[in-house]
Structures are given as structure tokens and as C-alpha cells.
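**Student:** Turn this into a model:
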Amino acid sequence: MIGNKCSIKKYIINILMVLILVCLGMLTGCGLTDIDDEDESVQAKVGNKSGMIEVPDVSYLAYTEAVEKLNAAGFKNIDYKIPDGGFIIIEKNWGVVSQSVEAGKQVDPKTKIMLNCIRINDAESSEKKADSFGIDMPNMVGVRYDRAIISLREMGFCDISYKTATGGDIVKLSNWEVCEQSISAGMNISNKTGIILTCKRIAGGNAAGSATVPDVMGLDMETARKKLEEAGLCNIFQVSDNGQNIVKLSNWGVIAQSISPGEFVSGSTVITITCTRIAGFSENESVAMINVQGKAYDVALGELNRLGFKNVTYETDTGETIIKQSNWGVVTQNIHEGEVVLAGTEVHLVCTRIAGTPSTTKAATVAPTTKATETTKETKLAYKKTAKDYEIYILIDFDENVVYWFSTNDSTYDRAPIISGDLNNGLVVDYYGKIQASMNWHYKDQKYTLYYHYNGGDYEFRNCDWNNAYRRLQERTEISPEAWN
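**Tutor:** Alright, predicted model coming up:
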């Protein structure tokens, strides 16, 4: 009897396992596949927002120029579509009339961009077209070149080419209009008849073969780009001086251009614009710290400001006030290279006079600054460590000979008396007779970085405002000693 029960139980388990496997197979068939198998457009939608880049306007550019411009902006997934569904053989003979992603839109660089193209110079393909007779040639004089091409294409003409009144190539089709046509209007011709449209520039500066490079130094990138495009220069490559992605053009200013103002160049010439961040900084923006040790103070300050650090303070090893920034070099920094902190975090630099630079009388007689000499004399110090969802504070009160500790995600605080030591060599505190902790400055007599050693762990804290920290302390109640039991 027992054997029969075991057999029945085993039989039921086997049936259940088969049903589970069938269900899993059905779920897989319903589309529960790995995200790697999804369409690239879906991946683009879930892309990293911080990695978004702006789609440039490539409408009415020659196809080769459009691809170069998209590549320079960071887009590599580019495809095309032509009216007969065929393939582009000679790229220079094609122009872009529209793009699948709107210009100016911020998208993932992996997004696929489809370019709708028409032939702008296609004599070599006329033999492939069927003959069609009895087409009246329209009057295209005065019509914008891109519209003229589209109209003739819709009528069935397949051998259309151009020349410019001043020589050179057409880069942006919409900047030109037809001023002469090789076939008179009203003439009845075949669709294979060669049509040559002579064009002149209607806007945007000089002819594409001799565009004058404007001066865009000091302009914001948005204004600079418009000025370059108006001059007929549309192959613009923009880079930042700190390696960051340029997202909002108006937040960046031009500090260098690869071709000097006033030079005459082809409209297809690549112009590289180097930008620095001038606006749009947020104190809550995460920034990776760079190494400025060994650099002149003015250089270090400039590099930090361009990264978004605005709260930069200093002290000198002699107690002098810095008068001429280039006479001083950075020897230590309170935030380590590569450490990611908020842009509003205080960056404190210790500087020394560069050898060979004169020491002014004024600098020599200025009283040492509070930050430089009174760090060991301050009796109330506050420190903060920022975690993902909360902050931890340490308040050191030498007047009361006590250290306070609290977290913003808790309504209580700990109070520990100081039992020995100092912050240069290690300050020891006792928590309700249960456990001891110690803390010390990272650099001697420099209050800006505190290392806290507790229960086998080492934690780094940054100096912060005492009054604000103490106000937050007063909002809490002291934890009872029994809670440490």
C-alpha cells in the first residue's frame, strides 16, 4: 500500500513538471526574450539619458556630407531609402530630402537614422529607365534647387545634373535656386533627355567653393553653429575641452576654431569647434575629480571651473594671501583624482609659491587667513558624508569636549565624550562605555577631510558648515544608552 502511494505521488510530480516546462515554452514563444534580441529602436528608447546627443539637421545636404555630419555628431547607425527601393552606387550623386529623426532632438547615439534620398546628378542611370516620350519640360528658373529636383523626379526625368554659376559644388541644396536650364520650358522631350540646371546661391553667404569662415570665438555654441551654417559651412564638428558630451548647445562657449576667421574654404570643409562649459551647472550634478596637483593655481582653478566646480577654496603653506594666481602651484587637494562628488562640493587646494616668482611686500605683510592658520584653534567643527539616500554628520565640540553623530534617515543622535588625542594624531571618543571610535584629519592641521574609524571600518567625511549641521542636530533627540546594550 505504501509502495502504491509513493508511485502515485511520483506520477503526479512528473505530470506537474511536464506542465511547468510547457508553460515556460509558451512564455518564451510569446516574446519573453533577452533584451539583446530586441529591435535597436527599442534599445534606443531605454538608453542612458545622460548619454543622449543632439541630432543634427542634414536635410537637403548631399548624401556624403549628411553621413559625415551624423558621424561627427556621434551617430553610426545610418541607413538610406531611395524612391525605387534600390541601392546608392555613387554617393556623391544623391541628396537628402528628409530624415527619420527630427533635427535638434536628443536621442541615444545607437538610434537608427534613416535618410530619404533623391538623385541630384544621375546621368549614369538613365539607360536603366524605360523610355517615356511626350513630357513637357517645366519652367524651373527661380525655383529652389531641392524643390526643382523633386518636381522633375516626380515627372519621370532621370538624367538631371547641375552646375553652379560661380563654380564649385552644392552642399546644402536648399541654399540654391535655378537661374538657367538647358532645356527650354514647354519643350516636349523624353524622360531620358539630359537636363542641366544652372544654380546660384540664394542665402547663407558665399558659394560653396569659397565660403568665408566667420569668427565664432566667444559665442555660445548654438549661436556659433547658426553663424557657420549661414555662411554656407555645414560640416561642423564640436568637441568639449573636458571630454564631456555636449547636450545643450547654449550651455557651451567657443574657445577655439580649427580654421581662422576670414579664410576662404570649400563649403564641405570640416570645421572643428572646441567648447567649454559656460552655463547649466547644477550643484547636484555628479562630477569626477581631476588631478590638479603640480599645476599653477590659475590653471587648476580654470580646469575645475570648467568641470562645474565653483566652490573652490585655497590656503598657502606660508599663510600668505594669493595675489597673482600664476605665481602659485597646487601641492595638495582634498578630493582624490577620479572620485565622483557633487559639483557643489568644496574643493580645497593647498598652494606653494612657485620657485623664482617674487614675493610682494603686500603678500608678506598680510595677516594669515583664518582658513590657513586657525584650523587647530577652531573649537567647533562639522563634517558630512553623503550616501545615496541620506547624509551622515559628525559634530566635534571642543568647548563641550564631546562628539555628536547622526544620520538624516534617523530621528536620534549619538553623543560621545572625547577621552584622548587630537585631530592630527587621532581623537578617541567613547560611546556609552560600549565601544570606542577615533578620527583624524587627512592632512596635518587641515580640517577639510576627516577620516572616521569605527567598528573596524574607515570612513571619509568632508568639512561642512557648523551652524547648519547643529541646527539639524537640534531637530533630533539623543539615543538612550540602553539602545547600545
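**Student:** Looking at strand pairing, list the partners for the residue lying closest to N425 once chain neighbours are set aside.
**Tutor:** Leaving aside its sequence neighbours, N425 sits nearest to N440 (Cβ to Cβ, 6 or more residues apart in numbering; 6.7 Å). For glycine as for every other residue, the C-beta is placed from the backbone atoms N, C-alpha and C. Using DSSP bridges, the beta-bridge partners of N440 come out as Y451.
**Student:** So which residues of the stretch 251-400 of the chain form strands?
**Tutor:** 252-257, 264-265, 271-277, 286-288, 312-316, 328-333, 340-342, 347-353, 380-386, 391-397 (DSSP state E, counting those that start in this stretch).
**Student:** what do you get for the stretch 1-150 of the chain?
**Tutor:** 53-54, 78-81, 94-99, 106-107, 113-119, 135-136.
**Student:** quick one on the thing from earlier: could you dump the strands of the stretch 251-400 of the chain into a markdown table and include mean pLDDT?
**Tutor:** Listed next are those as a markdown table, based on pLDDT from 0 to 100:
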| stretch | mean pLDDT |
| --- | --- |
| strand 252-257 | 87 |
| strand 264-265 | 80 |
| strand 271-277 | 86 |
| strand 286-288 | 79 |
| strand 312-316 | 87 |
| strand 328-333 | 90 |
| strand 340-342 | 84 |
| strand 347-353 | 90 |
| strand 380-386 | 90 |
| strand 391-397 | 94 |
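**Student:** Select, out of those strands, the one closest to V143.
**Tutor:** Among these, the nearest to V143 by Cβ to Cβ is strand 264-265 (28.2 Å).
**Student:** Show me what that closest one is packed against.
**Tutor:** strand 211-212 (3 or more Cβ pairs under 8 Å, 6 or more residues apart in numbering; DSSP states H and E).
**Student:** Not counting its own residues, what contacts the strand it packs on?
**Tutor:** G205, N206, A231, G232, L233, G262, E263, F264, V265, S266, G267, T269 (Cβ atoms under 8 Å, 6 or more residues apart in numbering).
**Student:** what are the pairing partners of that strand, and which direction each?
**Tutor:** Applying DSSP bridges, you get strand 264-265 (antiparallel) as the partners of strand 211-212.
**Student:** And what about N467, helix, strand or coil?
**Tutor:** helix (DSSP: H, G, I helix; E, B strand; the rest coil).
**Student:** got the contact list for it?
**Tutor:** N467 neighbours (Cβ under 8 Å, 6+ apart): none.
**Student:** Equivalent analysis for the one 3 residues further on, please.
**Tutor:** Counting by Cβ under 8 Å, 6+ apart, Y470 touches K380, A382, L395.
**Student:** Quick check: the second one vs Y451, distance?
**Tutor:** Think A382. Distance of A382 to Y451, computed by Cβ to Cβ, to the nearest Å: 16 Å.
**Student:** Show me which of those two is the more surrounded one.
**Tutor:** Between A382 and Y451, A382 has the larger neighbour count (other Cβ atoms under 10 Å), namely 24 against 15.
**Student:** Next, count neighbours for the nearest residue in space to that one that is not next to it in sequence.
**Tutor:** Using Cβ to Cβ, 6+ apart and skipping the chain neighbours, the partner closest in space to A382 is A469 (3.7 Å). By other Cβ under 10 Å, 20 other residues sit near A469.
**Student:** can you tell which of the strands of the stretch 251-400 of the chain is closest to R306?
**Tutor:** Going through these one by one, with Cβ to Cβ as the measure, strand 271-277 comes closest at 5.1 Å.
**Student:** just checking, what packs against the closest one?
**Tutor:** With contacts taken as 3+ Cβ pairs under 8 Å, 6+ apart, strand 271-277 sits against helix 221-230, strand 236-240, strand 252-257, helix 297-307.
**Student:** Wait, L219 touches I255, no?
**Tutor:** No. With contact defined as Cβ atoms under 8 Å, L219 does not count as touching I255 (10.5 Å).
**Student:** more neighbours, these two?
**Tutor:** The residue with more neighbours, out of L219 and I255, is L219; 18 against 15, by other Cβ under 10 Å.
**Student:** now that one: how far from G267?
**Tutor:** Distance from L219 to G267, by Cβ to Cβ: 20 Å.
**Student:** Ok, I118 next?
**Tutor:** I118 is 20 Å from G267, by Cβ to Cβ.
**Student:** again, but for Y63
**Tutor:** 15 Å.
**Student:** Comparing the two, which shows the higher neighbour count?
**Tutor:** Neighbours per residue, other Cβ under 10 Å: of Y63 and G267, the larger number sits with G267, 26 against 23.
**Student:** pLDDT value on the spatially most central residue of the chain, please?
**Tutor:** In the chain, the centroid-proximal residue (Cα atoms, centre = their mean) is N245; its distance is 2.6 Å. Looking at N245, its pLDDT reads 70.
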